[in-house]
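>>> Have a look at this prediction, sequence included:
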Amino acid sequence: MRTLSILIAGTTEVIDARTSRVLISLVASMTAGAILLMSLESGTSHQRRELAGIRSSVRKSVIHEASGNTWSKIVVHSATGDTSLPAQCHFVISVSADSGKVRISSGENWKTQRRTSHILVSGHDYSDSIGICLMGDFSERSPDTEQFEALVVLVQELQRSCKISADHVYLRSDLDPRSSRPGKAFPVSLFNSRLINLKK
């Protein structure tokens, strides 16, 4: 009987020690989870603010400059290094090497509402298209989330202000069979799913 009571007492002590370890682990996990969620929420809030800023500045410049002109298509290109393509396009979306911030630049072609030859395909006239150049090599990696979102915001605002339907928004590779741009790793399906379905 004494042995049994000792065993019971020993078992009770083991359960208490295990319970404390479990509780400590649980509290530690909950704390780590809470910290992780707060940091993710903070990052998401920061991204939301950045995108709201991009949307606001794009909306002002696009609507202001687009007034009084008719554009019927949008073509998305990509470019790397030293090339004349960005200068031929109406907008350039780049990522700063220093800060990693995304920048949308409207060029002189957009400010003056000039039609350009940013895409030349034999037998077709795309002079009524707005050219957007996404800076980067997307043959093996897709654009950063922020750069992709900036592209989506810009295209959506151009669609709204110029009344361009989703079926008139193209990637360069859609129109030029010799090109794979903006690249094999560009998320085509996701991009198409974010276009606005306006009726022409």
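The structure has been received and is ready for your questions.

>>> Please, where are all the helices along the protein?
Counting by DSSP state H, the chain has helices at residues 2-66, 85-88, 108-111, 145-162, 172-175, 188-193.

>>> Can you tell me which of those has the worst average pLDDT?
Between those, the lowest average pLDDT goes to helix 2-66, which shows a mean of 58.

>>> Could you report the pLDDT at residue 130?
What the model reports as pLDDT for residue 130 is 96.

>>> List the beta-bridge partners for it.
Here residue 130 shows beta-bridge partners residue 74, assigned using DSSP bridges.

>>> Quick check: residue 106 vs residue 113, distance?
Residue 106 sits 11 Å away from residue 113 when distances are taken as Cβ to Cβ, to the nearest Å. Every residue, glycine included, has its C-beta placed from N, CA and C.

>>> More neighbours: these two, which one.
Set residue 106 next to residue 113 and count neighbours by other Cβ atoms under 10 Å: residue 106 wins out with 18 against 15.

>>> Could you double-check that residue 198 sits in contact with residue 165?
Yes - between residue 198 and residue 165 there is a contact at 4.7 Å, judged by Cβ atoms under 8 Å.

>>> I figured residue 76 was touching residue 170, is that so?
Yes - contact status for residue 76 versus residue 170: in contact at 7.1 Å, counting by Cβ under 8 Å.

>>> So these two - more neighbours on which side?
A direct count of neighbours by other Cβ under 10 Å for residue 76 and residue 170 places residue 76 higher, at 25 against 17.

>>> That one: what's it in contact with?
The neighbours of residue 76, taking Cβ atoms under 8 Å, 6 or more residues apart in numbering as the test, are 132, 134, 151, 155, 169, 170, 171, 172, 182, 191.
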